[in-house]
Structures are given as C-alpha cells and as structure tokens.
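**Q** after the sequence you'll find the predicted model.
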Amino acid sequence: MSSLFPPGTRDSVTHRVLASELAPVAALIGSDDPALAVRAAGTLMTRLLLTRLPGPGCRLLREDFSFSGHLAEGDEVVISAEVEAPTNPGVVRLRCAVRHAGGEPILTGIAELTEPLERHGDLTGPFGTQPRRLLAAMLARCVGRPPVPTAVAHPCDGESLRGALLAARHGLIAPILVGPEARIRAAAEGLDLSGIEIVPTPHSHASAEEAVRLVSQGRAAALMKGSLHTDELMGAALAREAGLRTERRVSHCFVMDAPLYPRPLIITDAAINIAPDLDAKADIIRNAIGLAAAMGVELPRIALLSAVETVTAKMVSTLDAAALCKMADRGQIAGGVLDGPLAFDNAVSLEAARTKGIVSAVAGRADVLVCPDIESGNMLAKQLALLGGAASAGIVLGLRVPMALTSRSDDANSRLASAALLRLVAA
C-alpha cells in the first residue's frame with residue numbers, strides 16, 4: 001500500500017445536514033420519511049472520500065454500507081473514515097461511519113478506492129465543496145473593507161432581492177434598488193427594506209439605464225444584475241454615452257467551486273463574447289488574471305482550452321492558444337502562467353496529463369479555464385453547476401466598475417458570493 005495513506009490515517013468532519021442534501025433522496029424514493037432519508041448519509045460519506053480522504057484524483061471501486069436510524073434537515077452528524085490494513089497495491093480500503101453527534105450510528109461499512117497520484121493538502125480543510133466554501137473564502141477576504149455603493153438593477157423577484165439584501169447585511173455593498181417600486185416591495189415579502197434606497201422605474205429597460213446612470217453620476221461604484229435579461233443591462237452599460245467602457249475588452253468570469261476539484265475555478269468567457277478573436281482572448285485572460293489577484297491567487301495557472309492538446313491548423317482554438325502562450329512569453333500578457341492548447345481533462349487532472357505525457361506547470365492544476373467560445377464556456381459552467389453540484393459566482397470585468405452578474409435562476413447564496421467578488425474587485 002502506498003505510504004501516502006498508511007493504516008490508521010483518519011479523517012473526520014462534523015456537518016449539519018442541509019435540505020438540499022435530502023431532497024434528491026426524497027425524490028428518488030418518493031418520501032421524506034427521516035427513516036428512509038438515512039440513505040443520504042451515503043452521499044455525505046462518498047463526498048468525504050472523494051474530496052478529502054483519499055481526495056481528488058481517486059476513483060471509487062466499491063462501497064458496502066449498512067444504514068440505520070433517522071436523518072433529517074438540521075441534524076448534526078459526524079462523518080469519519082479510517083484507512084485499514086493494506087489490500088491490493090494502489091487501492092485504499094477505509095472503514096467508514098456516519099453518526100449523530102450523540103454517537104447513534106446512521107451508516108457503517110467499508111469503501112475501496114484507487115489512490116490518487118498525490119495527496120492534496122491536509123485534512124483540516126472544508127468538507128466537500130458545499131456553496132459555503134467559496135462563499136466563506138470570499139467573505140473572509142472582504143472583512144474590514146467598507147461596503148461599496150451598488151446600483152442593483154431590477155431586483156423584482158425573491159432571489160435577486162434576497163441576494164442584494166444578504167450582501168448588504170454582510171457589509172459587502174450599500175444597495176440602491178432600481179426598479180418598479182411596487183414589484184420590489186411585493187418581492188420583499190418577509191424581508192426588511194428599511195433604510196434601503198429605492199429608485200423607481202417603469203420597466204426593466206429603464207431599470208438598466210437608470211442603474212448605469214447612477215454609476216455615471218458617481219452615486220454608485222458598482223452594478224449588480226437583478227431579475228432582468230443580461231443583454232438589457234449589458235446594453236446600457238456598453239452604450240458609449242454611459243462612459244463606462246475602457247480600452248480593455250469586457251468579459252465575464254464564472255468562479256466555480258466544483259466538488260472534485262481542490263480549488264476554485266475561474267471559467268471565462270461564458271456570457272458575453274460569442275466568438276472572441278486573438279486580441280479579445282488576450283483581454284479576457286488579462287481580466288481573469290486581475291480577478292484571480294483580487295481573490296488572492298498571486299500567479300494563476302491559466303489553461304487555454306480546446307478539444308485537443310496539440311496545435312493543428314484545422315482548429316483555430318489551438319492556433320490561438322499557441323499564439324497567446326507566445327504573447328505571454330514576450331510580456332504582452334503578464335501576471336499568470338499560460339499553457340495550451342489543453343483539453344479539459346488535461347487542464348484539471350494530473351493523472352490525465354501524465355497519461356498523455358504532458359509536462360506543464362498548468363496541466364492538472366489550472367486556476368483559470370479560458371474557453372474558445374461562449375457556447376463551450378456556457379455549457380461547461382452550467383454542467384458543473386447542475387450536474388456536478390458546483391457552487392458559482394459571476395462577475396463582469398473590463399468596465400470602469402465591476403458588475404455582479406449571475407443567471408436569473410441562481411439562488412441568493414450565488415448572488416452573495418458574486419457580491420463578495422464585486423467587493424474584492426472594487427477594491
């Protein structure tokens with residue numbers, strides 16, 4: 001057995017069960033009975049195995065779990081795994097348990113996984129990548145910074161309004177709500193709007209224009225999208241008379257917290273630039289480097305994605321990647337380490353990169369994924385969120401002021417994380 005995980009290596013984490021962790025089980029079995037919901041403990045256990053011990057890069061071979069007791073939203077549980085005596089070379093066998101904080105067992109059994117190529121950090125880090133990990137990291141970096149005056153364009157549904165008010169409560173922004181006042185107040189059912197300025201407008205287009213006007217007049221220093229279409233707000237912000245454009249190309253970054261990846265991923269551009277040319281991609285990378293610096297990543301590793309990892313004249317994305325790497329060599333793009341073209345697997349998996357013989361400071365360790373076009377970027381980000389359980393935040397860069405921009409379907413936590421990014425960039 002590898003010395004990476006000698007017998008007795010143990011990990012344990014205390015976790016409070018979320019409704020979102022029980023919902024898939026309830027849907028599968030057609031019941032929210034706490035006695036049946038214990039099956040959700042298997043998901044919690046698997047998450048610990050795949051994200052902490054053995055961690056990213058392992059592959060699940062076998063689980064043999066027994067379930068008992070009850071499990072409900074809000075329950076505090078202790079999830080633990082301990083490496084047993086060696087079995088087959090390259091295989092980690094663990095004794096697993098999920099127990100109520102008082103000791104009552106919910107899950108017991110064993111699991112076998114392939115061992116990863118390397119061990120990822122210590123075992124005191126966050127459990128999996130629940131939305132709180134990205135959120136907690138961004139909020140921690142904002143501590144001590146004053147709130148930034150922010151024009152919130154058309155917050156006329158519960159989630160967009162709740163996200164803005166949460167951001168205000170956390171001291172990230174001083175919101176100015178711009179939109180039809182009756183609709184905003186209707187969306188605020190159960191929320192406290194006392195002390196919050198509302199600038200009334202008749203409809204979403206007017207909301208976008210007025211929010212941008214508040215920035216142009218110096219009353220706001222940032223923008224936040226509410227429940228309106230992206231093109232409405234971007235159209236107002238990019239209008240020449242608004243005065244928000246700079247020499248830099250405007251681009252969007254998703255910051256994704258994917259369960260099986262050990263660090264946040266910046267994905268760009270998935271929302272604004274449809275088919276960026278070489279010059280546009282250079283600015284997209286510069287914007288992403290600036291965001292990474294605001295997040296505390298001093299020298300981000302930037303993977304230039306394509307479908308393959310070799311340069312071919314038949315695929316423009318590979319030619320652009322090669323040219324961008326040379327631009328970085330010549331100092332035209334500074335502040336990051338670039339490599340490409342890289343296929344997605346090579347960008348995020350050390351094992352995949354080594355299997356293909358790729359020697360790179362970026363491959364398998366990317367902090368930024370630069371997508372060849374909006375279609376690939378948008379699909380990648382949404383697949384990670386909807387099928388991979390990734391938490392996300394979104395921000396627009398390249399304007400005179402930052403803009404928090406999320407999907408209209410995103411929840412308040414995603415909007416809060418986006419506000420934290422906005423606060424960091426505004427600094």
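**A** Nice, thanks for sending it over.

**Q** do I have it right that residue 363 meets residue 344?
**A** No - between residue 363 and residue 344 no contact is recorded; they are 11.0 Å apart, counting by Cβ atoms under 8 Å. The C-beta positions use only the backbone N, C-alpha and C, and glycine is treated the same way.

**Q** which of those two has more neighbours?
**A** Set side by side, residue 363 and residue 344 show more neighbours around residue 363, with 25 against 17, by other Cβ atoms under 10 Å.

**Q** where does residue 78 fall, phi/psi-wise?
**A** As for residue 78, its main-chain torsions (degrees, to the nearest 10) stand at phi -110, psi 120.

**Q** hey, what's it bridged with?
**A** Counting by DSSP bridges, residue 78 is bridged to residue 14, residue 99.

**Q** and it, what does it touch?
**A** With contact set as Cβ atoms under 8 Å, 6 or more residues apart in numbering, residue 78 has these partners: 12, 13, 14, 15, 97, 98, 99, 100, 101.

**Q** show me which of those are buried.
**A** 13, 15, 97, 98, 99 (16 or more other Cβ atoms under 10 Å).

**Q** mind giving me TSV with these and columns for distance to residue 311?
**A** As requested, the buried ones among the contacts of residue 78 are exported to TSV (distance: Cβ to Cβ, whole Å):
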residue	distance to residue 311
13	44
15	46
97	50
98	49
99	54
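
**Q** what two of these are the furthest from one another?
**A** 15 and 97 (12.9 Å; Cβ to Cβ).

**Q** overlap in contacts of these two?
**A** Joint contacts of residue 15 and residue 97 (Cβ under 8 Å, 6+ apart) are 78, 79.

**Q** for the host helix or strand of residue 237, buried residues please.
**A** Assessed by DSSP states H and E, residue 237 sits inside helix 230-238. By neighbour count with 16+ other Cβ under 10 Å, helix 230-238 contains the buried residues 230, 232, 233, 234, 236, 237, 238.

**Q** can you put those in TSV and add distance to residue 404?
**A** Compiled in TSV, the buried residues of helix 230-238 are given as follows (distance: Cβ to Cβ, whole Å):
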residue	distance to residue 404
230	12
232	15
233	11
234	13
236	15
237	12
238	17
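
**Q** from these, which is closest to residue 36?
**A** residue 230 (41.0 Å).

**Q** list the residues that contact the closest one.
**A** So residue 230 contacts 271, 405 (Cβ under 8 Å, 6+ apart).

**Q** how near is it to residue 236?
**A** 11 Å (Cβ to Cβ, to the nearest Å).

**Q** rewinding a little: so how far is the helix holding residue 237 from its chain's centroid?
**A** With Cα atoms, centre = their mean, to the nearest Å as the basis, helix 230-238 stands 23 Å off its chain's centre.

**Q** quick check: mean pLDDT of that helix?
**A** The average of the pLDDT scores along helix 230-238 is 94.

**Q** would you put the C-alpha positions of it in PDB?
**A** Output of helix 230-238 as PDB, limited to C-alpha atoms (Å, rounded to 0.1, in the frame of the first residue of the first chain):
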ATOM      1  CA  THR A 230     -28.300  40.100 -19.300                       C
ATOM      2  CA  ASP A 231     -28.400  41.900 -22.600                       C
ATOM      3  CA  GLU A 232     -30.600  44.600 -21.200                       C
ATOM      4  CA  LEU A 233     -28.100  45.500 -18.500                       C
ATOM      5  CA  MET A 234     -25.000  45.000 -20.700                       C
ATOM      6  CA  GLY A 235     -26.600  47.100 -23.500                       C
ATOM      7  CA  ALA A 236     -27.000  50.000 -21.100                       C
ATOM      8  CA  ALA A 237     -23.500  49.600 -19.600                       C
ATOM      9  CA  LEU A 238     -21.800  49.400 -23.000                       C
END
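
**Q** where do the domain boundaries of the protein fall?
**A** Split into domains by automatic domain parsing, the chain comes to 10-124, 142-242, 251-398.

**Q** quote the end-to-end distance of the last one.
**A** Chord length of domain 251-398, first to last residue, is 6 Å (Cα to Cα, to the nearest Å).

**Q** would residue 415 count as being in a helix?
**A** Yes - under DSSP: H, G, I helix; E, B strand; the rest coil, residue 415 falls within a helix.

**Q** just give the closest residue to it, not the sequence neighbours.
**A** Spatially, and ignoring its direct neighbours in sequence, residue 415 is nearest to residue 163 (2.6 Å; Cβ to Cβ, 6 or more residues apart in numbering).

**Q** so what's that neighbour up against?
**A** Each residue near residue 163 by Cβ under 8 Å, 6+ apart is listed here: 155, 406, 410, 411, 412, 413, 414, 415, 416, 418, 419.

**Q** quick check, it in a strand?
**A** No - using three-state DSSP, the assignment for residue 163 is helix, not a strand.

**Q** residue 382 versus that one, what's the distance?
**A** 19 Å.

**Q** again with residue 164
**A** From residue 164 to residue 382 the distance is 23 Å (Cβ to Cβ).

**Q** same question, residue 140
**A** Taken as Cβ to Cβ, the span from residue 140 to residue 382 is 27 Å.

**Q** neighbour-wise, which of these two wins?
**A** residue 382 (17 against 10).

**Q** helix, strand, or coil at that one?
**A** Strictly by three-state DSSP, residue 382 counts as helix.

**Q** brilliant, that's me finished.
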